[in-house]
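Participant: whatever this is, show me its structure:
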Amino acid sequence: MTSNALVRIASVVVVTLLPPGVGGAVPAAGAPVAIAPAPPAAEGLDDVAPAGWQALSLPKPPGAAAAEADDDGAGSPPVIVLPPPHDLLRTTVEQQYIVGADAATQVEASGSVNGIGTRLAALATEGPAGPRLFSRFLGMYQPGAWGAEAGDLSSEIWGFAEGFRWLGAEPADAAGVPGTRVRPALSLYVPVQQSGNRSTVVAGSDDLALGGFGLLGGEAATDGSWLARGELRQARFGLFAFDRQAAGSGSGLGTSGFLDLPLGLDLQGAWSRGGSGAAALNLNNLSLRVPLGRWGGLEAQSSGTQTLQARLRTNEVGFGTAAGPWLVHASYQRLRGDLLLGAGRTSAFGQRQLLAGLGWAASSRLRLDLEAVDVATDQGSGARWLQATAGLRLWSATSLSVVAQSPGSPFHDPVHLRLQQALPHGFSVIGEYGNIPVFQAADGAFGEPARLLLAVRKVWNVATPPGGGVVEGRVTAGDGAVGPGVPVELGRYRTVTGDRGDFAFRNVPAGSYALAVPNPDVPAALAAGAAQRLTVAPRSRTAVEVPLVPLCVVAGRVTLDGAVGGKAPAARLPKVVLRLDDQVTATASDGSFTFQNVQPGSHRLSIDAGHLPPGIKISWPSRIDLGLPPGTRLDSVKFHVAAVVRPVLVRELGR
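Facilitator: Next comes the predicted model:
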């Protein structure tokens, strides 16, 4: 036995006897064996297996098939998947022109530049008012770290705002924390006509997680404006509330929530109050969704609106169901309230609306929808109209939608057409005809004359400088590196080692990855260790070693020492089955055996007493417990066995 193997022998004597006359093919020593019942003629053996014996199926050791493929020159080259040598910024530019009116240019982009997530959006118009930049936004986000935004921003206090914002690292929420965490942010807002903000202010916002059931957060500005909010959420219940004090917009207060009831019922409600004077606005809403199984679903809701000029209440019930390609929906709405006429006088107002619709998805190329609307006021006025919509996929790159309304529609858009044609190289053209509000109009009032809109759109991926990190290192085995051609995987990426076991992944996008040598590709006599978890930051360099574990070899011999109590010399004993934990092998013709590619660690080696030939027994249980450090070759294990001695009966024969 080798000196570095920890070997503890519990018992070593096993009794077995090979029936005479058994010859034929001998299993290769060291090959793992699968033992299963077999017919007398076992495939792969020259002779018929004797009665009471079972055939041994001997698959190749791990790595042997791959080695043979390499020797034959038939092995296919390893698949290499590397990160792209550049980042991409998907960009869309669309030029729109309303004939006889004005035009607009829209630019959108999203992707990564030098490893930094980037979003860009802008809309510019050209018309009677001259060139105008209608909206703009630029956001840049370092993965797992800072971020920055400029242009049209979303403010918790004012809703819409303009300015610049610096974002902190995105919170790493613990499992079970409800809602979406807000990144810590410091914002500089400038005055803007569309917002309630009337001065240049600095504001900060953040979130505080309340264990696994809620959040507290909000935003506060240097002019005294603030918004505080809280959220509680469980599996079947949620509640959200906020309180706001905004310079230029007044105070605000609101709450909303949901409750999942038995039988699949869903109850939702909301209430809010904000503004002051002529801008005061109170809103409330309550809705109940009732599933009806295969019959569809029912929804009932009631909402109220109160301003200085009106107080209105709307009650509505709706139903929808689908049957194959057909979709049916209907709703009834009742509105009642008071309108302020001036001088303190009010007038009662009431209106009902009945809507019924039928949809038919004829195929993947055609969908038809028909809606009928009947509106009537308590004062006696009303309107009825039909609206038909057709969506057609004329060809794979051509789509057409047609919306037609009958006389009586308040939208004054008898026929509205939109045709879109995709062209090669990311181009597409769009034509639209109907009631189309101009870009520079104060509002998009209906009743304007029909117009024609023409648009050209271009979409392409712009190659940008890469900003990923570098992961490089070596694959080692024992005291040295492995040779070339060993596959290494980093997440979804894959490469192979060089002459000295070296490898490198460049331009790796920021994120978390598992690094390992895949098990099927580990060289023979080696085993892969556990995968390493790496976090790659933009423009970082990570050096790492991937150790492979040298496997072990356990070899020895089973010998027959002659009859019990006898002094016969040792004899060869082939085809004795041995087990090393779950591995099985059989001795060669000289009684030798070998277990190749054994994992380091603790193992138990024994002779399989359940597959001995008839008439053979074990004198007492036999096993060897092994402790194998990596790379151990244990080649002097011995089992001594003896034949069973049967008693000889002698009796006197009568004359």
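Participant: which residues does residue 490 bridge with?
Facilitator: Under DSSP bridges, the beta-bridge partners of residue 490 are residue 493, residue 515.
Participant: please begin residue numbering at 34 from this point
Facilitator: Done: numbering now begins at 34, and the last item shifts to residue 523.
Participant: for it, give me its contacts.
Facilitator: By CB atoms under 8 Å, 6 or more residues apart in numbering, the residues touching residue 523 are 504, 538, 541, 546-548, 567. (Each C-beta comes from the backbone N, C-alpha and C, glycine too.)
Participant: for PyMOL, what selects the buried ones among the residues you listed?
Facilitator: Filtering the contacts of residue 523 down to the buried ones (16 or more other CB atoms under 10 Å) takes a single PyMOL command:
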select buried, resi 504+538+541+546+548+567
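Participant: mark which of the contacts of residue 523 are part of strands, please.
Facilitator: Taking DSSP state E as the definition of strands, the contacts of residue 523 contribute 504, 538, 541, 546-548, 567.
Participant: got those residues as JSON lines, with pLDDT and distance to residue 179 columns?
Facilitator: JSON lines is the format used below for these (pLDDT from 0 to 100; distance: CB to CB, whole Å):
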{"residue": "504", "pLDDT": "95", "distance to residue 179": "23"}
{"residue": "538", "pLDDT": "95", "distance to residue 179": "25"}
{"residue": "541", "pLDDT": "91", "distance to residue 179": "20"}
{"residue": "546", "pLDDT": "94", "distance to residue 179": "22"}
{"residue": "547", "pLDDT": "94", "distance to residue 179": "27"}
{"residue": "548", "pLDDT": "95", "distance to residue 179": "27"}
{"residue": "567", "pLDDT": "93", "distance to residue 179": "22"}
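Participant: of those, closest to residue 559?
Facilitator: Distance to residue 559 across the ones in strands among the contacts of residue 523 (CB to CB) is lowest for residue 548, with 16.6 Å.
Participant: any regions of this structure where pLDDT drops low?
Facilitator: Scanning the chain with the threshold set as pLDDT under 70 gives 34-110, 205-214, 375-377, 475-480, 594-606, 644-654, 675-688.
Participant: the longest strand anywhere in it packs against which elements?
Facilitator: Ranked by number of residues, the top strand in the chain under DSSP E is strand 378-396. When contacts are defined as 3 or more CB pairs under 8 Å, 6 or more residues apart in numbering; DSSP states H and E, strand 378-396 packs onto strand 359-375, strand 399-410.
Participant: could I get these as TSV with distance to residue 142 and mean neighbour count?
Facilitator: Shown next, in TSV, are the helices and strands packed on strand 378-396 (distance: least, CB to CB, whole Å; neighbours: other CB atoms under 10 Å):
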stretch	distance to residue 142	mean neighbour count
strand 359-375	37	15
strand 399-410	32	16
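Participant: count of neighbours near residue 148?
Facilitator: Neighbour count for residue 148, taken as other CB atoms under 10 Å: 23.
Participant: cool, and residue 562?
Facilitator: With other CB under 10 Å as criterion, residue 562 counts 13.
Participant: phi and psi next, for it.
Facilitator: phi -80, psi -170 (degrees, to the nearest 10).
Participant: does it touch residue 580 like I think?
Facilitator: Yes: counting by CB atoms under 8 Å, residue 562 sits close enough to residue 580 to count as a contact (5.7 Å).
Participant: mind listing the helices for the protein?
Facilitator: Here the chain has its helices, by DSSP state H, at 97-105.
Participant: domain parsing of it, as residue ranges.
Facilitator: Structural domains assigned to the chain are 39-98+584-676, 498-582, following automatic domain parsing.
Participant: got the end-to-end distance for the shortest one?
Facilitator: Okay, so that is domain 498-582. Counting by CA to CA, to the nearest Å, you get 39 Å between the two ends of domain 498-582.
Participant: same check, this time on stretch 471-488
Facilitator: When the termini of stretch 471-488 are compared using CA to CA, they are 14 Å apart.
Participant: next one: stretch 372-384
Facilitator: Using CA to CA, the span of stretch 372-384 from its first residue to its last is 13 Å.
Participant: about what we covered before: just put the ones in strands among the contacts of residue 523 in CSV and tack on distance to residue 186.
Facilitator: Listed next are the ones in strands among the contacts of residue 523 as CSV, based on distance: CB to CB, whole Å:
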residue, distance to residue 186
504, 36
538, 37
541, 32
546, 34
547, 38
548, 40
567, 35
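Participant: and of the residues you listed, the nearest to residue 532?
Facilitator: For those, the minimum distance to residue 532 (CB to CB) is 18.0 Å, reached by residue 538.
Participant: and the gap between the closest one and residue 510?
Facilitator: Taking CB to CB, to the nearest Å as the measure, residue 538 falls 21 Å from residue 510.
Participant: please apply the same query to residue 161.
Facilitator: 77 Å.
Participant: ok, the closest residue to residue 610 other than its chain neighbours - contacts?
Facilitator: Leaving out its chain neighbours, the residue that sits closest to residue 610 by CB to CB, 6 or more residues apart in numbering is residue 641, at 4.1 Å. Residue 641 is in contact with 68, 610-612, 617, counting by CB under 8 Å, 6+ apart.
Participant: and residue 536, how far from residue 301?
Facilitator: 55 Å.
Participant: check contacts around the closest residue in space to residue 323 that isn't next to it in sequence.
Facilitator: Among residues not flanking residue 323 along the chain, residue 331 sits closest, at 4.4 Å (CB to CB, 6+ apart). Shown in contact with residue 331 (CB under 8 Å, 6+ apart): 322-323, 325, 350-352.
Participant: now a PyMOL select for only the buried ones of those.
Facilitator: Buried subset of these, written as a PyMOL selection, criterion 16+ other CB under 10 Å:
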select buried, resi 322+351+352
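Participant: so which of the contacts of residue 331 are in strands?
Facilitator: Going by DSSP E, the strands hold 322-323, 350-352 from these.
Participant: could I get the residues you listed as CSV with distance to residue 174?
Facilitator: Listed next are these as CSV, based on distance: CB to CB, whole Å:
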residue, distance to residue 174
322, 36
323, 42
350, 44
351, 40
352, 44
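Participant: and which of those residues is nearest residue 378?
Facilitator: Checking those against residue 378 with CB to CB, the nearest one is residue 350 at 32.9 Å.
Participant: distance check, the closest one against residue 543.
Facilitator: For residue 350, the distance to residue 543 - CB to CB - is 51 Å.
Participant: hang on, the earlier thing: higher neighbour count, residue 536 and residue 301?
Facilitator: residue 536 (21 against 15).
Participant: gap between the more buried one and residue 565?
Facilitator: In terms of CB to CB, residue 536 sits 13 Å off from residue 565.
Participant: same check, this time on residue 425
Facilitator: Distance of residue 425 to residue 565, computed by CB to CB: 54 Å.
Participant: what does residue 383 give?
Facilitator: Taken as CB to CB, the span from residue 383 to residue 565 is 71 Å.
Participant: before we move on, what about residue 640?
Facilitator: 40 Å.
Participant: swap in residue 235?
Facilitator: Distance from residue 235 to residue 565, by CB to CB: 44 Å.
Participant: can you check residue 499 too?
Facilitator: Counting by CB to CB, the gap from residue 499 to residue 565 is 23 Å.
Participant: of these two, who's got more company?
Facilitator: residue 499 (22 against 15).
Participant: so who does that one touch?
Facilitator: By CB under 8 Å, 6+ apart, the neighbours of residue 499 are 116-120, 147-148, 539-540.
Participant: equivalent analysis for residue 220, please.
Facilitator: 186, 188, 194, 196-199, 235-238, 252.
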